[in-house]
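Asker: Kindly return the folded structure for what I paste below:
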Amino acid sequence: MTERVLAAVQVAPETTELREFPQPEVASDAALLKVEAAGVCGSDVGGYKRMGAAPRILGHENVGVIARAGEAFARRWGVKEGDRVAIEEYLPCGHCDLCLRGEFRHCAGTDVHSNPDALRYGNTPITTAPALWGGYSQYLYMPPATVLHRVPEHVPGEQAAMALPIGNGIQWAVVEAQAGPGRTLLVMGPGQQGLACVLAAKAAGADMVILTGLSHDTHRLDVGRKLGADITIVADHDDVRERIREVTGGKGVDAAVDTTSAPSSEMIPLMIDVVKRKEGRIVVQSIGGTIADFPIEKLARKYITLKAARGHSYASVELAIQRIASGHYPLELLATHCFGLDGVDTAIRSVGGTGAAGAIHVTVTPWLPSSA
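Answerer: Here you go, the predicted model:
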């Protein structure tokens, strides 16, 4: 008899139900992952409020053990059954120039914004065989396009599931914003992505990291200081521009990264104001909305580079796993909550601020017994 796989399926906006699926057959160039832990990304909160063309299994920050691997799949990645791996959300073509540079995030084969047939974990519907395209499931299907990373055995699952958000932090703060020795970085927003940027910038040797949050972010700002933030600013209490002038001696910061969900019309002018006069860098995650009076002249006169934060390169995730495995950082402060499959709704709401209190990085552990 074919084994069954239990998964939490999004069947409507903000609605999940448990369903069973047949465990799929694995071809020579494919594999099956036994999911150990799946992180809840901030993007899942927004995605959960919407509904695609068909039900889907969310979850794209996935780590687990290879349960079955076809010969060609194992040979390509140099893995075997029983190996522990983290997998990226991207399912790219593997042969375009972007893929060959390790920039899988930009491949058209996995770009859900421009390709309606794109494959991506946590987004592809269950109507696409064999249905298991999300980490909120006991098993995950790995086609030939899968991008994976080895994970050391000693790393706790809830920390291993941080490989992608910490990879984002490295990509945005270090690669894009160029945080490092002699440079000052402003990180706006103390969520899991912002805190990952703090960790990444300090690990890269940044002279000063400034973290902003709101009055209700007291705990997260405290975690930010423990991860290396030199200065924290409560943005709805303090004048951010004036405070940055004060702590930088009037010079401003070298770069700023926005990880908030605030409107771009508010955040981008603020970042342009606080970045140094010449050759600063701005990295923006919140790309929603428009700016009617965009300060293009000020941007140009300051010679500021404006970049969009969008995912991570392969190299950034590899470095993230090294950072996690080192044990040098108090990541247990980020790993706040864990839920089973019957708690996926609460897990997502917790990251969104309406579920369990104090959530930062939340994981779904598919093999936890039911709470009923």
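
Asker: List the buried residues in the helix or strand encompassing residue 363.
Answerer: For residue 363, the element it lies in under DSSP states H and E is strand 361-364. Under the neighbour-count criterion of 16 or more other C-beta atoms under 10 Å, strand 361-364 has 361-364 buried. Just so you know, the C-beta spots here come from the backbone N, C-alpha and C atoms, and that holds for glycine as well.

Asker: and the protein, what are its domains?
Answerer: Domain assignment for the chain by automatic domain parsing gives 4-162+334-364, 166-308.

Asker: in terms of contact, does residue 269 touch residue 299 like I think?
Answerer: No: with contact defined as C-beta atoms under 8 Å, residue 269 does not count as touching residue 299 (9.6 Å).

Asker: one step back: any chance of TSV for the domains of the chain, columns distance to residue 318?
Answerer: TSV is the format used below for the domains of the chain (distance: least, C-beta to C-beta, whole Å):
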stretch	distance to residue 318
domain 4-162+334-364	6
domain 166-308	8
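
Asker: wait, which of those is closest to residue 323?
Answerer: domain 166-308 (6.1 Å; C-beta to C-beta).

Asker: where in the stretch 251-372 of the chain is pLDDT low?
Answerer: Low-confidence segments of the stretch 251-372 of the chain (pLDDT under 70): 286-289, 371-372.

Asker: Now distance to residue 32 too, for the buried residues of strand 361-364, in a markdown table please.
Answerer: Below are the buried residues of strand 361-364 laid out as a markdown table (distance: C-beta to C-beta, whole Å):
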| residue | distance to residue 32 |
| --- | --- |
| 361 | 26 |
| 362 | 25 |
| 363 | 20 |
| 364 | 18 |
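
Asker: buried stuff in the helix or strand residue 218 falls within?
Answerer: Element membership for residue 218, per DSSP H and E: helix 218-227. Buried residues in helix 218-227, counting neighbours by 16+ other C-beta under 10 Å, are found at 220-221, 223-224, 227.

Asker: Then stretch 350-360?
Answerer: 350-352, 355-356, 359-360.

Asker: can you put those in JSON lines and add secondary structure and distance to residue 38?
Answerer: Formatted as JSON lines, those follow (DSSP: H, G, I helix; E, B strand; the rest coil; distance: C-beta to C-beta, whole Å):
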{"residue": "350", "secondary structure": "helix", "distance to residue 38": "14"}
{"residue": "351", "secondary structure": "helix", "distance to residue 38": "12"}
{"residue": "352", "secondary structure": "coil", "distance to residue 38": "16"}
{"residue": "355", "secondary structure": "coil", "distance to residue 38": "16"}
{"residue": "356", "secondary structure": "coil", "distance to residue 38": "17"}
{"residue": "359", "secondary structure": "coil", "distance to residue 38": "15"}
{"residue": "360", "secondary structure": "coil", "distance to residue 38": "16"}
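
Asker: Nearest to residue 200 among these?
Answerer: Nearest to residue 200 among these, counting by C-beta to C-beta, is residue 360 at 15.9 Å.

Asker: what's the spacing between that closest one and residue 309?
Answerer: Distance of residue 360 to residue 309, given as C-beta to C-beta, to the nearest Å: 19 Å.

Asker: For the helix holding residue 218, which helices and strands make contact with it?
Answerer: Secondary-structure packing of helix 218-227 (3 or more C-beta pairs under 8 Å, 6 or more residues apart in numbering; DSSP states H and E): helix 192-203, strand 208-213, strand 231-234.

Asker: Which other helices and strands does the longest one contact?
Answerer: Packed against helix 192-203 by the contact rule (3+ C-beta pairs under 8 Å, 6+ apart) you find helix 163-169, strand 184-188, strand 208-213, helix 218-227, helix 314-326.

Asker: other SSEs contacting the longest one?
Answerer: In other words, helix 314-326. Using 3+ C-beta pairs under 8 Å, 6+ apart, the elements in contact with helix 314-326 are strand 148-150, helix 157-160, helix 163-169, helix 192-203.

Asker: out of these, nearest to residue 32?
Answerer: Closest to residue 32 of those is strand 148-150 (C-beta to C-beta; 12.6 Å).

Asker: That concludes my questions; thank you for your assistance.
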